[in-house]
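**Q** sequence and predicted structure, then a few things I'm wondering about:
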Amino acid sequence: MELSARLKQARESIAKSQKQMAKLAGASYRVWQSYEAGKVIPGGKIFEALSEHGFNANWLLTGKGSMRIEGMDD
């Protein structure tokens, strides 16, 4: 699975729209759309923000491990 698909799967797992997820991650709506379309690769700040909301950065980057950090809820 590609990074773009994992970002979409992460968003859908917490029932957020693209606009809501963009806000949560500190990105604009259009930039988030570009992430999910695979046109742009997110930078470290996006992964940091998603990690703060309980997503496993290793899973986001590689697909290995659990999607969520154990013991963290959004």
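**A** Perfect, thanks for sending it.

**Q** could I get the full set of strands for the chain?
**A** Assigned by DSSP state E, the strands in the chain number zero.

**Q** and the longest helix for this structure?
**A** As assigned by DSSP state H, the longest helix anywhere in the chain is helix 3-13.

**Q** okay, buried residues for that one please.
**A** For helix 3-13, burial by neighbour count (16 or more other C-beta atoms under 10 Å) applies to 3-4, 6-8, 10-11. The way it works is simple: take the backbone N, C-alpha and C, and place the C-beta from them, glycine included.

**Q** tell me the helices and strands packed up against it.
**A** helix 18-25, helix 29-37, helix 57-62 (3 or more C-beta pairs under 8 Å, 6 or more residues apart in numbering; DSSP states H and E).

**Q** pLDDT on the last one, on average?
**A** This means helix 57-62. Here helix 57-62 scores 96 as its mean pLDDT.

**Q** what lies in contact with it?
**A** Residues outside helix 57-62 that contact it (C-beta atoms under 8 Å, 6 or more residues apart in numbering) are 3, 6-7, 10, 47-48, 50-51, 64-67.

**Q** again, but for stretch 1-11
**A** Under C-beta under 8 Å, 6+ apart, the answer for stretch 1-11 is 18, 21, 35-38, 41-42, 50, 55, 59-61, 63, 67.

**Q** which of the residues you listed count as buried?
**A** Those of these that meet the buried threshold are 18, 21, 35-36, 42, 50, 55, 59-60, by 16+ other C-beta under 10 Å.

**Q** for these, name the two members farthest from one another.
**A** Across the buried ones among the contacts of stretch 1-11, the longest distance by C-beta to C-beta is 19.7 Å; it joins 18 and 59.

**Q** dump the buried ones among the contacts of stretch 1-11 to JSON lines, plus distance to residue 27.
**A** JSON lines is the format used below for the buried ones among the contacts of stretch 1-11 (distance: C-beta to C-beta, whole Å):
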{"residue": "18", "distance to residue 27": "10"}
{"residue": "21", "distance to residue 27": "8"}
{"residue": "35", "distance to residue 27": "7"}
{"residue": "36", "distance to residue 27": "11"}
{"residue": "42", "distance to residue 27": "8"}
{"residue": "50", "distance to residue 27": "10"}
{"residue": "55", "distance to residue 27": "14"}
{"residue": "59", "distance to residue 27": "19"}
{"residue": "60", "distance to residue 27": "14"}
